[in-house]
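Q: Take a look and give me a structure for this.
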Amino acid sequence: MKKMKIYFIVTFLSLTGISLHAQNSWVRKTDFGGVKRNDAVGVATSSKGYIGTGGNLYTYYTDFWEYNPLTGNWSKKADFPGNPRKSAVGFSVGDRVYIGTGIGEGLYEFFNDFWEYNPSSNTWSSIPSLPDTARWGAFSFSIGNKGYVGTGLYSDYGQGHVFNSFWEYNTDTYIWTKKADFAGGPTYDAVGFAIGNKGYVYSPNGTLWQYDPNSNVWLQKANMDASDRLDAVSFTIGNIGFVCTGFYSGQYFTDVNKYDPNTDTWTNDSQENFGGGTRDGAVGFAIGDYGYIGTGYTNGTPYYFKDFWRYNGSQPSLVVSPQNQNVSSFTGSTSFAVTANNTWAATSDASWCTVTPSGSNNGTIVANYSANTSTSIRTANIQVKFPGFSQPIQNVTVTQEKINNSIENTVMDNFQIYPNPTTGSFKIVFELFNKLFNKKPIELTVHDFNGQAIFKKQLTGEKEYEIDLSNAPQGCYAIILRFDSEVLVRKVLIVH
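A: Numbering: from 1, shown residues only. So this is what the prediction gives:
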C-alpha cells in the first residue's frame, strides 16, 4: 500500500503563497536537477547539499543529486542502491550521508535498510539495517558521530502501526542502540533537527521535544506558536532551529517558524514566508549560514515541484562599538554596545579582563578589568560572534594604561607611609607636596591583593593625611595616588 494523504483540490490564487515580502526573504536558485517529486530525502554536509529518492503519483525514484552552493549547480551522482522509495530519512555525519527506511511502490512494501554515501568516491555502502520494524515517515538528526532515527508508521492490511521507538547509530562502530522512546508518543511525519549537542523533534501535534544524548532524557519545550502540521521541513542555522511549510486537514503552509533554545521561544514573521508557495513533502537543509527548501507537493497546479530556494531572511547582523576602549590603570569596568539580530557570545583573551559571556539581539558587553601594576600598557582582545555561524565576527579591544613611576622616582623620600607595617591606622605625609602639586587635588585609592578598590579619598593639598583601615583583613595593600596622568604607588602591610 502506498503512502496516502487526503488532498482537497482547491484553486485559489493565494495557493501560490508568493508575496513581495516573501520574495525579499527567499531567492530562487537553480531548479533541482531531477524530475518533480515530493517526499524525497534532503541532507547537507558542511559544504554540499543532497536530494534523492522520493517520487510523484505513481513513480518512485532512486536518483541522487549534489548541490554546490558556491556555483549554484546540481550534479547527478551514483543512484541510491536501495529500492525506489518515498518518505525515507537521512542524516549526515562529517562528509558522509546516510539514508534508510521509507515506503516502496509495491504492496505493503516498507523498509528498514540503511545505506552510507561517500562523496569523495561517489559510492554507496550497505550498513546495518535499523533493528526495528520497517517504517516510513520517521524523523532523524545527527549529533557528533551519531545519527538518530525515531517514530514512523507501518501500514498492514488497513491497520496502521505507529511507533515511538528511538534509535542511535554510531558511525564509528556501525552499531545501532535503542534509546529512550520518543516522549511525545507514537507519531509519524515529525521532523528533527539538532542545535549544539541537543536534538529537537517537532511533533505534528505542535509540541517540541528536546533530547539530551548524554543523559538519554527527553524534555518537552515550548509548543510551536503556529498551526499543527505533517510533512514539514526542518533545518538549523547557527543556534536557531527552523520548521517550515507542511500540511494539515487540507491546508498547506508557507510560514517559517524559528526556535531559539536559549530563550525557549518561537518566532514567526509573515514577511519571511517561504517564497515558493504552499506545499508539503518538501526537503530542507542548511549549508553554512543559509537554509534551503525545494521540491514538494501542493493541491493545485503544478501539484509536484522541482524548484529550489535559498532563505535570506534574518541573515546574521552584528555590530559592536566602539572598536576600542582606553581605560586607566585602576580596577574598573567599561562597556561596548552590541547591535545584533541573534544570540551572540563574547570571549576575552586576557585573564585580567572578563566580559559578559553572551546575550541575545541588541545589548551591552561589560568588560571588568583589574589594576595594571606593571610599567607596560596592556591590551585585551574581545571577540564577539554568533555561535554556530562562521560569520560575522567582531573584534574589539580594551587598552589599559600602565603605572607611571616617573613621579615616584622624583619624590621617593618625600612621600612616606607610617607606621608600616600597621594594625590598620596609618599616615601619609608629603614633605614637598605643595611644591610639587601646587595644591591640585589627588585621588587616593587603596587596592586589596585581588586588585579591588576598598577605599577612596580626594587629597586637596595638605601635607599629612590619616587613613584608617582597621576593619580591613590582614594582608598587603597597594596605595595608589593619581595626579593628572601621573601615578604614585606604595605598599602597606596590615597586621592584626
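Q: measure I403 to S351 for me?
A: According to Cβ to Cβ, to the nearest Å, I403 stands 18 Å off from S351. Bear in mind the C-beta positions are built from the backbone N, C-alpha and C, glycine included.
Q: quick one, which of those two is more surrounded?
A: Neighbours were counted for I403 and for S351 using other Cβ atoms under 10 Å; I403 has more, 18 against 8.
Q: partner residues bridging the residue nearest to D231 when sequence neighbours are not counted?
A: The shortest distance from D231 to any non-neighbouring residue, by Cβ to Cβ, 6 or more residues apart in numbering, is to D280 (3.9 Å). Going by DSSP bridges, D280 is paired in beta bridges with Y297.
Q: got a list of what the residue lying closest to S321 once chain neighbours are set aside touches?
A: Spatial nearest neighbour of S321, excluding adjacent residues (Cβ to Cβ, 6+ apart): A337 at 5.3 Å. A337 makes contact with 320-321, 364 under the criterion Cβ atoms under 8 Å, 6 or more residues apart in numbering.
Q: Where does A337 sit, in terms of helix or strand?
A: strand 332-340 (DSSP states H and E).
Q: Can you tell me the strand partners of that strand and which way each runs?
A: Going by DSSP bridges, the partners of strand 332-340 are strand 318-321 (antiparallel), strand 363-369 (antiparallel).
Q: Name the stretch among those that sits most buried.
A: Stretch with highest mean neighbour count among the strands paired with strand 332-340: strand 363-369 (a mean of 18; mean count of other Cβ atoms under 10 Å).
Q: outside of that one, which residues touch it?
A: In contact with strand 363-369 (Cβ under 8 Å, 6+ apart) are residues 320, 325, 327, 331-338, 340, 344, 346, 348, 352-356, 359, 380, 382, 384, 398, 400.
Q: What is the helix or strand that G294 is a member of packed up against?
A: G294 is located in strand 290-297, with elements delineated by DSSP H and E. On a contact count with 3 or more Cβ pairs under 8 Å, 6 or more residues apart in numbering; DSSP states H and E, strand 290-297 meets strand 41-44, strand 49-52, strand 233-237, strand 283-287, strand 304-311.
Q: what about these, which gets the closest to G94?
A: strand 41-44 (12.2 Å; Cβ to Cβ).
Q: Extract the CA atoms of stretch 111-123 and return them as CSV.
A: This file holds the C-alpha atoms of stretch 111-123, laid out as CSV (Å, rounded to 0.1, in the frame of the first residue of the first chain):
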residue,chain,number,x,y,z
PHE,A,111,11.9,-0.6,4.5
ASN,A,112,14.3,-0.6,7.4
ASP,A,113,17.5,-0.9,5.4
PHE,A,114,20.2,1.8,5.6
TRP,A,115,23.0,3.0,3.3
GLU,A,116,26.1,5.2,3.5
TYR,A,117,27.2,7.5,0.7
ASN,A,118,30.8,8.6,0.4
PRO,A,119,31.0,11.8,-1.7
SER,A,120,34.8,11.6,-2.3
SER,A,121,34.4,8.2,-4.1
ASN,A,122,30.8,8.7,-5.2
THR,A,123,30.0,5.2,-3.9
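Q: nearest residue to T298 other than its sequence neighbours?
A: Nearest to T298 is R279, by Cβ to Cβ, 6+ apart, at 4.6 Å.
Q: My error: substitute D172 in the last question.
A: In space, D172 is closest to N145, 5.5 Å off (Cβ to Cβ, 6+ apart).
Q: what's the burial count for the one you found?
A: Look at N145: counted by other Cβ under 10 Å, it has 12 neighbours.
Q: So G291 sits against R310, correct?
A: Yes: using Cβ atoms under 8 Å, G291 is in contact with R310, at 7.3 Å.
Q: of the two, who's got more company?
A: Neighbours were counted for G291 and for R310 using other Cβ under 10 Å; G291 has more, 26 against 18.
Q: residues in contact with P473?
A: I494.
Q: now do 10 Å
A: Contact analysis of P473 by Cβ atoms under 10 Å, 6 or more residues apart in numbering lists 424, 448-449, 454, 494, 496.
Q: sorry, back to before: tabulate the strands paired with strand 332-340 in TSV, adding columns for mean pLDDT.
A: Listed next are those as TSV, based on pLDDT from 0 to 100:
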stretch	mean pLDDT
strand 318-321	93
strand 363-369	93
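Q: okay, now V355: neighbour count?
A: For V355, using other Cβ under 10 Å, the count is 24.
Q: Name the residues linked to it by a beta bridge.
A: Beta bridges link V355 to A367, judged by DSSP bridges.
Q: what's the distance between the spatially most central residue of the chain and G104?
A: Geometric centre of the chain, nearest residue: N239, 2.0 Å, by Cα atoms, centre = their mean. Separation of N239 from G104 (Cβ to Cβ): 37 Å.
Q: now F305
A: 22 Å.
Q: Domains in this protein, by residue range?
A: 13-311, 318-400, 406-494 (automatic domain parsing).
Q: count of residues packed around Y477?
A: Neighbourhood size, Y477 [other Cβ under 10 Å]: 20.
Q: Restrict the contacts of strand 363-369 to the buried ones and give me that as a ChimeraX selection.
A: Only the buried members of these enter the following ChimeraX selection, criterion being 16 or more other Cβ atoms under 10 Å:
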select :320,325,327,331,334,336,338,340,344,346,348,352,353,354,355,356,359,380,382,384,398,400
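Q: Give me the average confidence score over stretch 380-392.
A: The average pLDDT within stretch 380-392 is 86.
Q: Could you do stretch 123-130 as well?
A: For stretch 123-130, the per-residue pLDDT averages 98.
Q: Show me how far that stretch is from its chain's centre.
A: How far stretch 123-130 lies from its chain's middle: 31 Å, per Cα atoms, centre = their mean, to the nearest Å.
Q: Is it correct that Q271 falls within a strand?
A: No: secondary structure of Q271 (DSSP: H, G, I helix; E, B strand; the rest coil): helix, not part of a strand.
Q: Any regions of this protein where pLDDT drops low?
A: Residues of the chain that meet the criterion pLDDT under 70 lie in 1-24, 156-159, 313-315, 388, 404-415, 431-440, 449-450, 484-486.
Q: can you pull out the helices in it?
A: Residue ranges of the helices in the chain, as given by DSSP state H, are 20-25, 406-410, 433-437.
Q: What's the PyMOL syntax to select whichever of the contacts of P473 are buried?
A: Burial among these is assessed by 16+ other Cβ under 10 Å; the matching PyMOL selection reads:
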select buried, resi 424+448+494
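Q: out of the contacts of P473, which one sits closest to F64?
A: Closest to F64, out of all of those and judged by Cβ to Cβ, is F449, at 65.7 Å.
Q: Y67 - nearest residue in space that isn't next to it in sequence?
A: G49 (3.9 Å).
Q: From what I see, the one you found and V43 are in contact.
A: Yes: taking contacts as Cβ atoms under 10 Å, G49 lies within contact range of V43: 7.5 Å.
Q: between these two, who's got more neighbours?
A: G49 (25 against 22).
Q: how near is that one to S358?
A: From G49 to S358 the distance is 30 Å (Cβ to Cβ).
Q: What of F80?
A: In terms of Cβ to Cβ, F80 sits 42 Å off from S358.
Q: In terms of neighbours, single out the busier of these two.
A: F80 (22 against 15).
Q: beta partners of the nearest residue to A350 once chain neighbours are set aside?
A: What sits nearest to A350 in space, not counting adjacent residues and going by Cβ to Cβ, 6+ apart, is A380, at 3.7 Å. Per DSSP bridges, the residues bridged to A380 are V398.
Q: Please consider this matter closed, and thank you.
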